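# only the shape, not the letters, is given here:
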């Protein structure tokens, strides 16, 4: 059986990768185990929501989680931690 990750887990992965010193799209793709097209869709959404910002724009652009993005990451992780206390499967 193939297990798909839900969208929030992908968001967690991307925000974690962008959390420290920023990351380029290649690092995000490999770190979050997604393809470039999917990374572009998620990054556009995260930028539009103010959760990630582009630093060093241009051919070597990097993405960095904003304070709002870091807060969101912490909140999502808290929910997952609480959910894991109650196995439903």
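Received, thanks. Bear in mind the structure is a predicted one, so any value in this text is a computation, not a measurement.

# low pLDDT regions in this structure?
Scanning the chain with the threshold set as pLDDT under 70 gives 1-4, 89.

# which helix in it runs the most residues?
Looking across the chain with DSSP state H, the single longest helix is helix 67-84.

# which parts of it are buried?
69, 72, 73 (16 or more other C-beta atoms under 10 Å). (Each C-beta comes from the backbone N, C-alpha and C, glycine too.)

# check stretch 15-22 too.
By neighbour count on 16+ other C-beta under 10 Å, the buried set for stretch 15-22 is 15, 16, 17, 18, 22.

# and those as CSV, adding distance to residue 32?
CSV is the format used below for these (distance: C-beta to C-beta, whole Å):
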residue, distance to residue 32
15, 9
16, 8
17, 6
18, 10
22, 14
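
# make CSV from these and add secondary structure to it.
Output for the buried residues of stretch 15-22, formatted as CSV (DSSP: H, G, I helix; E, B strand; the rest coil):
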residue, secondary structure
15, helix
16, helix
17, helix
18, helix
22, coil
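
# before we move on, the earlier item: what's the longest helix of the chain in contact with?
For helix 67-84, contacts defined as C-beta atoms under 8 Å, 6 or more residues apart in numbering pick out 8, 11-12, 15-16, 18-19, 46, 49-52, 65.

# 7 Å - rerun?
Helix 67-84 is contacted from outside by 8, 11, 12, 15, 16, 19, 46, 50, 51, 52, 65, using C-beta atoms under 7 Å, 6 or more residues apart in numbering.

# tell me which element residue 63 falls in.
For residue 63, the enclosing helix or strand under DSSP states H and E is strand 62-65.

# so which elements touch that strand?
Applying 3 or more C-beta pairs under 7 Å, 6 or more residues apart in numbering; DSSP states H and E, one finds that strand 62-65 contacts helix 7-18, strand 52-55.

# sorry, back to before: buried only: go through the contacts of helix 67-84 for me.
Buried by 16+ other C-beta under 10 Å: 11, 12, 15, 16, 46, 51, 52, 65, out of the contacts of helix 67-84.
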